[in-house]
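1. show me how the following folds:
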Amino acid sequence: MMKPLALPILLFVLLFPSQLYVYSIQILSKSKLQKCEKVADSDQQLNCTNKIVINLAVPSESSGNEASMVAEIVEVEENATNMRTLRVPPSVTVQKSAAFALYELTYIRDVAYKPQELYVKTRKCKSNAGADVVQICERLKDEKGNTIDHTQPTCCPCGGQRRVPSSCGNFFDKMMKGKANTAHCLRFPGDWFHVFGIGHRSVGFSIRIEVKTKSQVSEVTVGPGNRTAASVDKFLRVNLVGDYVGYSDIPSFEDYYLVIPRQGGAPGQPENLGSNYSMWMLLERVRFTLDGLECNKIGVGFEAFNSQPDFCSAPYWSCLHNQLWNFWDADQNRISRNQVPLYCVQGRFERINQHPNAGSHAFSIGITEVLNTNLLIELSADDIEYVYQRSPGKILDITAPTFEALTQSGTATITTKNIGEVEASYSLTFDCSGGVSQMEEQFYIMKPNEVVTRAFKLNPSSDQAANYLCSAILKGSDFSEVDRAECQFSTTATTLDNGTQIPFQPPKTGLHGFFETLKELWHKLLEGLTDFFTGENCRTKCSGFFDLSCHVQYICLNWIVLVALLVAIFPTLMVLIWLLHQKGVFDPIYDWWEDHISPLSPPPHHHHNQQVYLKRRHDPHHHHHKHHHHHYRGGRMTRHPTETGEADYHYFLHHVHKDKDKHSRATKSSLMAAEMMVEKQAHGASDLNKNGGTLVAPAIHHHHRHRRRSSSSNRILHGERIMLDGHHHKRSIAAIHDHHKKHRQKLME
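-> Down below sits the predicted model:
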């Protein structure tokens, strides 16, 4: 009878799942032991068998092609002398998937992505006003037509110091249209997000063990949900003992909410979370208000918005800060500066929801920490040997762009290639000179002619600009060096940013501080004088010429001089006009006005005695008096001696009286001029009586016409030539003397 020799194999497998640091299957230890079976509580002999224990390290996401275990059963002892080969040597392959952390989700509510405050400039605003008054801020209603509480607008008066500055208009607008005001309301347009509570976490992965023989294949899969398994033919048994605790904890999000964009626009719990992971965010629970009664939190409601104190004097959009869009924008700014986001899931974690059989309400992230798993494999065999494949490799390229020290993390990208003919495992190290943080070695697998790129984060410890020298070393599956390459990278100095906070510089004391103060005062004085004369601040800060407060604040010299000139030009112009008036520059204008607009005609009782005289060309004395008559309107005319002389005298006295009213200082001079004219007329009459000829009166210049001197008292006007009749001269002279006395008395009064 043949005794089957069952030699199970006990394997303690250390499994290291890692995203960046992948390890190939390696034998850690190998030993023999005797396994004994006890079936009853007695002292009978135990049934013992020989076992081989192999401690293996299996990488995550391992295909199993780069390393395998081959178990070969050579023979069994049929009796004391015969040995027979029982089976074809089987091969055993162990594979492990990437590890992940799976979190339970509980739906909480939906929140708006960007709540907005809307306002309408209106009149006669009331909380219950309709759309004709408050427009978009009209109270909201539900599906049944009922008014929703706290959705009414909040009315604020007009003015420049209000929530939204607005003009109050003029008095007539208030009387006719009503007082101006603004209506403010909270509305939720745009996108909405689902809010989920994050609960208990569990670690997930799967280990697949496959045994191949000539006739069949035995396969089992174990994991945290299925710790033990056996093949159908009972040839293979596997038991997952447990996991070892790592150096760092797996992230726990019990104090966080997960927010996910709502699909389709329908409120309520979603049927599917979708795959737009770029909008998924993890935010602390304290940033939310589930009842909507707190301002500046996600989920703020109508009641909190309308009930905020000092509503009309508070800034616009108060109570609506720290919303989802604020955190999203903040992370986008960090990403644009090559920094890790603080709230967005994508970019902060990897392999999101890539676990097998992911449900519609699941959330998982990949675990990058090394996780050790204890695995027991029992296999009937006589011997086990470990076989690995080795292949050469080469470093093709290294790139390390320049970046800002401390603010950003640099990235060195290394491209390698398997130049051999078999699939093999490799390790890559990147070692830099002093001043750069140490980087861990990376393990990965490459198929024949496959090109793989690996990245290393560069974190220099200095904030200054510097150059660094680094070496990349590629190792094969036997840990021997396959290829080496060197590169350089540089950093720029860190640019310090204080944000809205201004650093405080304490005042310097002592002698050094005294001189520093003098130096600062001198510089400020020079800058102030330069700006005072150049007006650079005024041109850059003042909006226009009429910005009075700005020009006064910055003491704009150019503006002050220009305004002073404009102000001084008006009184100067008035004084100049008055002086020109005193000098008689405007007398021709006055004469033209009197001659054409308001001419003075002779008295009406003399017009029947006036005759049209002959022109000057018939006068034999024309050439002797030509220079006295070029300003007459109608040329020289001859009149009746007696009546014409009297009329001319009245006309002359009228103009003397008029000149007195205009120039009081010339009163006496005008009177003297009248007396002189009378005397000359008297003497002329006497000469006429003697000679029987024609008396020619001397030319008298009116003060409104040609002046020989600037003083109005010495002005003499051209008089008309008076023709007197001989037999009437006595009566005319007497009348003239009598009229002259009366007029002189009036002037003296």
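2. buried stuff in stretch 205-219?
-> 205-213, 218 (16 or more other CB atoms under 10 Å). For the C-beta atoms, the positions are set from N, CA and C on the backbone; glycine is no exception.
3. let me know the closest of those residues to residue 413.
-> Each of the buried residues of stretch 205-219 was checked against residue 413 using CB to CB; the closest is residue 205, at 28.7 Å.
4. roughly how far apart are the closest one and residue 348?
-> Per CB to CB, to the nearest Å, residue 205 is found 21 Å from residue 348.
5. between the buried residues of stretch 205-219, which is nearest residue 445?
-> The shortest separation between residue 445 and any of the buried residues of stretch 205-219 is 16.3 Å, and it belongs to residue 208 (by CB to CB).
6. grab the nearest non-local neighbour of that closest one.
-> Nearest-residue entry for residue 208: residue 95, 4.5 Å, with adjacent residues in sequence omitted and distances by CB to CB, 6 or more residues apart in numbering.
7. thought that neighbour was touching residue 207?
-> Yes: the pair residue 95 and residue 207 qualifies as a contact (CB atoms under 8 Å) at a distance of 7.1 Å.
8. tell me the two of the buried residues of stretch 205-219 that are most distant?
-> Distances among the buried residues of stretch 205-219 were taken as CB to CB; the most separated pair is 205 and 213, at 27.2 Å.
9. list the contacts for residue 418?
-> Taking CB atoms under 8 Å, 6 or more residues apart in numbering as the criterion, residue 418 is in contact with 391-393, 424, 426, 446-450, 452.
10. for it, which non-adjacent residue is spatially closest?
-> Leaving out its chain neighbours, the residue that sits closest to residue 418 by CB to CB, 6+ apart is residue 446, at 3.7 Å.
11. show only the entries of the buried residues of stretch 205-219 found in strands.
-> Secondary structure defined by DSSP state E assigns 207-212, 218 of the buried residues of stretch 205-219 to strands.
12. turn those residues into a markdown table, including distance to residue 151.
-> Conversion of these to a markdown table gives the following (distance: CB to CB, whole Å):
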| residue | distance to residue 151 |
| --- | --- |
| 207 | 58 |
| 208 | 59 |
| 209 | 63 |
| 210 | 65 |
| 211 | 69 |
| 212 | 71 |
| 218 | 68 |
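13. filter the contacts of residue 418 down to the buried ones, PyMOL style.
-> Under the burial definition 16+ other CB under 10 Å, those of the contacts of residue 418 that qualify are selected in PyMOL by:
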select buried, resi 391+393+424+426+446+452
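14. skipping adjacent residues, who's closest to residue 430 in space?
-> Nearest-residue entry for residue 430: residue 456, 4.4 Å, with adjacent residues in sequence omitted and distances by CB to CB, 6+ apart.
15. count of neighbours near the one you found?
-> Neighbours of residue 456 under the rule other CB atoms under 10 Å: 24.
16. can you say which helix or strand has it in it?
-> Under the criterion of DSSP states H and E, residue 456 resides in strand 451-458.
17. just the C-alphas of that strand, formatted as CSV.
-> This file holds the C-alpha atoms of strand 451-458, laid out as CSV (Å, rounded to 0.1, in the frame of the first residue of the first chain):
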residue,chain,number,x,y,z
VAL,A,451,9.9,52.4,-20.4
VAL,A,452,8.9,53.5,-16.9
THR,A,453,9.1,57.0,-15.5
ARG,A,454,9.5,57.6,-11.8
ALA,A,455,9.3,61.0,-9.9
PHE,A,456,11.1,62.1,-6.7
LYS,A,457,10.1,65.1,-4.6
LEU,A,458,12.9,67.5,-4.0
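18. next SSE downstream of it?
-> Beyond strand 451-458 on the C-terminal side, the first helix or strand identified by DSSP H and E is strand 466-475.
19. what comes up buried for that following strand?
-> Residues of strand 466-475 classed as buried: 466, 468, 470, 472-475 (neighbour count, 16+ other CB under 10 Å).
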